[in-house]
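> Okay, sequence plus prediction incoming.
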2 protein chains.
Amino acid sequence: VLEIDLAKRRLRVRQTESGAESWQNFDQLVIATGTLPIRPQVPGIDSTGIYGIQTLEDGLKLRRVLDAGNASKVVIVGGGYIGIEMAEAMIQRGLEVVLIDMLPQVMGTLDPDMAALVSDAVVKAGISLALGEKLEGFETGPDGLRSVITDRRRISADIVILGLGVRPNTKLAEEAGLALGLKQSIKVNDRMQTGADGIWAVGDCVESYHLVSRQPFWVALGTVANKQGRVAGINIGGGNAVFPGVVGTAVTKFCGTEIARTGLQKREIEQLGLDYATSRIEGRTRAGYFPGTARIVLKLHAERKSLRLLGGQIVGEQGSAKRIDVLVTALHAGLTVQDIIGLDLGYAPPYSTVWDAIQIAARRLGSELRN
Amino acid sequence: VLEIDLAKRRLRVRQTESGAESWQNFDQLVIATGTLPIRPQVPGIDSTGIYGIQTLEDGLKLRRVLDAGNASKVVIVGGGYIGIEMAEAMIQRGLEVVLIDMLPQVMGTLDPDMAALVSDAVVKAGISLALGEKLEGFETGPDGLRSVITDRRRISADIVILGLGVRPNTKLAEEAGLALGLKQSIKVNDRMQTGADGIWAVGDCVESYHLVSRQPFWVALGTVANKQGRVAGINIGGGNAVFPGVVGTAVTKFCGTEIARTGLQKREIEQLGLDYATSRIEGRTRAGYFPGTARIVLKLHAERKSLRLLGGQIVGEQGSAKRIDVLVTALHAGLTVQDIIGLDLGYAPPYSTVWDAIQIAARRLGSELRN
């Protein structure tokens, strides 16, 4: 698709194979153009040996290169979800891995103290962390890529993997005259309609609403995209569905370390100017005496005035991450810390302590809120 | 304690060792007398070889007998949580196990179709199930216990374990003149106060409130008791805490099968005369392609008029049971099926499918509610 003509309700399309162009009419249009990977325009960025991992084909291509066995030194640029997950995959292949990020922490969506727990796991797995280092370019030789240049040093590399995130792919929508919001994402209402009649937009290319901050929010996640697609489909089919918005949930894993977050992190709460309290506890995923009991660190934020939960973060061993869903549900429902303390959560020794770690953190937070 | 004298605010107590009796004054009194195991008054019930498992000492005693190695045939009476958990423990010791229950299903707190999944796992583990059989007595010989007699047959047994549940231990409270409720449990308000000034009661001996049925409810669980004790303690200390009530959550495990339930089951909903719809789905605990992906069967009930969730049940493999906590939180908050479909639950391939099994069941239920 080369152009969306809103007035005449038609699309200018080019056949990929033949190159032939034509106009195609529509009654209803769904824009689901997703994202484009962020590729920093630094010297050497187009060298052989530098891989993005946006599409399935990207992943297959990288795997073929690794399977050939000529690479031993991998530099990963970006310490977010993708960077961390790729670091796990590379270390499990026995490669030498350096992970760089310009932030002073990995996982920018976690508070620094929780991110430090992830860093510990990353370093323990044998990965070199280069935090607070800015990518400046790549050095190549006659055999291809030689090294990654940061503002502090030169790191030798056979392969570079870019994990710098994505941005909404909305050039078409913008040119058609649709209203854009955060990070150039397409503005939609809760039925997934754009401002133009019969034009819908869903997925990573649209702006969402954050139920906790009560502000517009942009997030690129398959779960959100899926839900939005369903809502648009029902509405186009004559039904009436709404997409309520998001609470900012994300989960990932690095080797044996489970990582989860939802709601607002410290930085976001402070940007909103809310008066808040915080608790952080270390608990167990199962009864202390039960085989397989594991460590879980849980952090909660709540608003002082309303006592409502604002966000939660989890870093722990097996059985930790999916506990975030209780906090997700609580955020959707606007529950307070006292509500969470009272929840009739499931308990048996193979599944939790008598007070689930979430409730231990909520009790601690209740005390903080009284101070 | 032999007697509670409410008028004079004192207790008549007998020293366990010396047998000496005296009166002890109190300002505030907390009654936490717990439960008594149900012991059917059938012939032979007091024979050697018949074990209850109410206290830690009961458990140690049974273990000593099993460790001696003279028992090979175990009959478990009662197919609820305790019966199922003891069946697991016995089969893991390599013993021959028969489990009997007068109900036509195990796990009476599950709907029959979900309980059937548990029965399948129990039978597959090599346990003989004798459902719909009523215990009539025990036959003993010169060497002690010989067999268990039901209304249908004689089952030979070296050891019998009773798992028939418990009832509130409230004789003292009743004699003191305190009001009793369901199953003779002590009536309390949401601050854990009985009707008498300065007299509190908590734990398995008190009546609770069910947040979904909006009726009095009685349940004997450590989590509930713990929360109630905390509330009473805060209030006695001059604070102001309330115990909101329960939603009927329980989780357990039989070998590799995880079992969870919350809210109302089919029978309870029908007793309340509510118009409801049901969905049942089979899903996966992780992405289908991810190592360790496991089966989860999930069943939901919702009210037709209000669309609010009424209850949920889960039977599945590893990673299934604790998902119940999302439904628990939803029940506390009074969420509808549409709310659950919209929840921003955590997704990554090691943790769930893109639509969590809970949301797949909620979507199916949404369709049922439209019919």
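That came through fine. Please read these numbers as outputs of a predicted model, since none were measured by experiment. Numbering: from 1, shown residues only, chains lettered A, B, ... in the order given.

> Following element in sequence after the helix or strand where A:Q271 lies, please.
Element membership for A:Q271, per DSSP states H and E: helix A:266-272. Heading C-terminal from helix A:266-272, the first helix or strand you meet, by DSSP H and E, is strand A:276-284.

> got a list of what the residue of the stretch 251-371 of chain A found nearest chain B touches?
Nearest to chain B in the stretch 251-371 of chain A, going by Cβ to the nearest Cβ, is A:A333, at a distance of 3.4 Å. Just so you know, the C-beta spots here come from the backbone N, C-alpha and C atoms, and that holds for glycine as well. Counting by Cβ atoms under 8 Å, 6 or more residues apart in numbering or on different chains, A:A333 touches B:329-330, B:332-333, B:335, B:339.

> could you redo the last one with a cut-off of 6 Å?
Counting by Cβ atoms under 6 Å, 6 or more residues apart in numbering or on different chains, A:A333 makes contact with B:A333.

> Look up phi and psi at it.
When read as degrees, to the nearest 10, the backbone of A:A333 gives phi -90, psi 0.

> I would like the residues contacting the helix holding A:Q271, please.
With Cβ under 6 Å, 6+ apart, helix A:266-272 has contacts from A:111, A:213, A:276, A:301, A:310.

> Type out the PyMOL command that picks the buried ones from those.
To isolate the buried ones among the contacts of helix A:266-272 in PyMOL, judged by 16 or more other Cβ atoms under 10 Å in any protein chain shown, type:
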select buried, chain A and resi 111+213+276+301+310
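
> Please give me every residue in contact with the closest residue to A:G181 other than its chain neighbours.
Excluding the flanking residues, the one nearest A:G181 by Cβ to Cβ, 6 or more residues apart in numbering or on different chains is A:E207, at 3.8 Å. Neighbour list for A:E207: A:181-182, A:185, A:187, A:216, A:218 [criterion: Cβ under 6 Å, 6+ apart].

> Tell me the most packed of these, by neighbour count.
In terms of neighbour count, A:S185 stands highest of the contacts of A:E207 at 26 neighbours, by other Cβ atoms under 10 Å in any protein chain shown.

> Nearest residue to A:E175 in space, please, no chain neighbours.
Once flanking residues are discounted, A:E175 sits nearest to A:E3: 6.8 Å by Cβ to Cβ, 6+ apart.

> mind pulling up the phi and psi values for that neighbour?
Main-chain dihedrals, A:E3, degrees, to the nearest 10: phi -160, psi 140.

> any chance you could map the strands in the stretch 251-371 of chain A?
According to DSSP state E, counting those that start in this stretch, the stretch 251-371 of chain A carries its strands in the segments A:257-263, A:276-284, A:295-303, A:309-316.

> Indicate which one of those is closest to A:E368.
strand A:276-284 (4.1 Å; Cβ to Cβ).

> Residues contacting the closest one, please?
By Cβ under 6 Å, 6+ apart, the surrounding residues in contact with strand A:276-284 are A:269, A:293, A:296-304, A:353, A:357, A:360-361, A:364-365, A:368-369.

> Check which residues of the helix holding A:Q271 are buried.
Across helix A:266-272, burial judged by 16+ other Cβ under 10 Å covers A:266, A:268-269.

> and if you look at stretch A:238-256?
A:241, A:243-254.

> restrict the residues you listed to contacts with chain B.
A:244, A:246-247, A:249, A:251-253 (Cβ under 6 Å from any Cβ of the partner chain).

> which pair in the contacts of helix A:266-272 spans the largest distance?
Spanning the widest gap among the contacts of helix A:266-272 are A:D111 and A:S213, at 15.9 Å by Cβ to Cβ.

> What parts of chain A come near chain B?
Counting by Cβ under 6 Å from any Cβ, chain A comes close to chain B at A:222-223, A:226, A:244, A:246-247, A:249, A:251-253, A:260, A:321-322, A:324-326, A:328-330, A:332-333, A:342-348, A:350-351, A:354.

> Buried subset of those as a ChimeraX selection?
Buried subset of the residues of chain A next to chain B, written as a ChimeraX selection, criterion 16+ other Cβ under 10 Å:
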select /A:223,226,244,246,247,249,251,252,253,260,321,322,324,325,326,328,329,330,332,333,342,343,344,345,346,347,348,350,351,354
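
> Tabulate the ones next to chain B among the buried residues of stretch A:238-256 (TSV), appending pLDDT.
Below are those laid out as TSV (pLDDT from 0 to 100):
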residue	pLDDT
A:P244	97
A:V246	98
A:V247	98
A:T249	98
A:V251	98
A:T252	97
A:K253	97
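
> What are the boundaries of the helices in chain A?
A:56-67, A:81-92, A:112-124, A:171-176, A:222-236, A:266-272, A:324-333, A:337-342, A:357-370 (DSSP state H).

> The first one to helix A:81-92, inter-axis angle?
Calculated by axes from the mean of the first three to the mean of the last three Cα atoms, to 10 degrees, helix A:56-67 forms an angle of 30 degrees with helix A:81-92.

> How about the fifth one?
Comparing the axes of helix A:222-236 and helix A:81-92 via the same axes, to 10 degrees yields an angle of 130 degrees.

> Just the angle for helix A:222-236 relative to helix B:357-370, thanks.
Going by the same axes, to 10 degrees, helix A:222-236 makes 10 degrees with helix B:357-370.

> for the record, mean pLDDT for helix A:222-236?
Over the span of helix A:222-236, the pLDDT mean works out to 98.

> Likewise for stretch A:281-288?
Mean pLDDT, computed over stretch A:281-288, is 98.

> could you dump the contacts of helix A:266-272 to CSV with pLDDT and distance to A:V160?
Formatted as CSV, these follow (pLDDT from 0 to 100; distance: Cβ to Cβ, whole Å):
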residue, pLDDT, distance to A:V160
A:D111, 98, 29
A:S213, 98, 35
A:Y276, 98, 40
A:H301, 98, 36
A:L310, 98, 37
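
> what ranges of the stretch 251-371 of chain A fall below the confidence cut-off?
Scanning the stretch 251-371 of chain A for pLDDT under 70 picks out nothing.

> Closest one to A:A116 out of the buried residues of stretch A:238-256, please.
Among the buried residues of stretch A:238-256, and counting by Cβ to Cβ, the member closest to A:A116 is A:F254, at 13.3 Å.

> Go ahead and confirm that closest one touches A:G83.
No - taking Cβ atoms under 6 Å as the definition, A:F254 is not a contact partner of A:G83, at 10.0 Å.

> quick one, strands of the stretch 1-150 of chain A?
For the stretch 1-150 of chain A, the strands defined by DSSP E, counting those that start in this stretch occupy A:3-5, A:10-14, A:21-25, A:29-31, A:35-37, A:50-52, A:73-77, A:96-101, A:128-131, A:135-141, A:144-150.

> contacts for the last one?
What it means is strand A:144-150. With Cβ under 6 Å, 6+ apart as the test, strand A:144-150 has contacts from A:47-49, A:75, A:133-140, A:154-157.

> gap between A:G203 and chain B?
Note on A:G203: its distance to chain B, by Cβ to the nearest Cβ, to the nearest Å, is 13 Å.

> That residue and A:V224 touch, don't they?
No - contact status for A:G203 versus A:V224: not in contact, 7.8 Å apart, counting by Cβ under 6 Å.

> which residues touch A:G334?
By Cβ under 6 Å, 6+ apart, the contact set of A:G334 is A:R308.

> Give me the phi and psi angles of it.
With angles defined as degrees, to the nearest 10, A:G334 sits at phi 70, psi 30.

> Tell me how far it lies from B:L162.
Note on A:G334: its distance to B:L162, by Cβ to Cβ, to the nearest Å, is 46 Å.

> Also A:V65?
In terms of Cβ to Cβ, A:V65 sits 65 Å off from B:L162.

> between those two, who's got more neighbours?
B:L162 (24 against 16).

> quick one: the more buried one and B:I53 touch, right?
No - here B:L162 does not reach B:I53: they are 7.6 Å apart, not a contact under Cβ under 6 Å.
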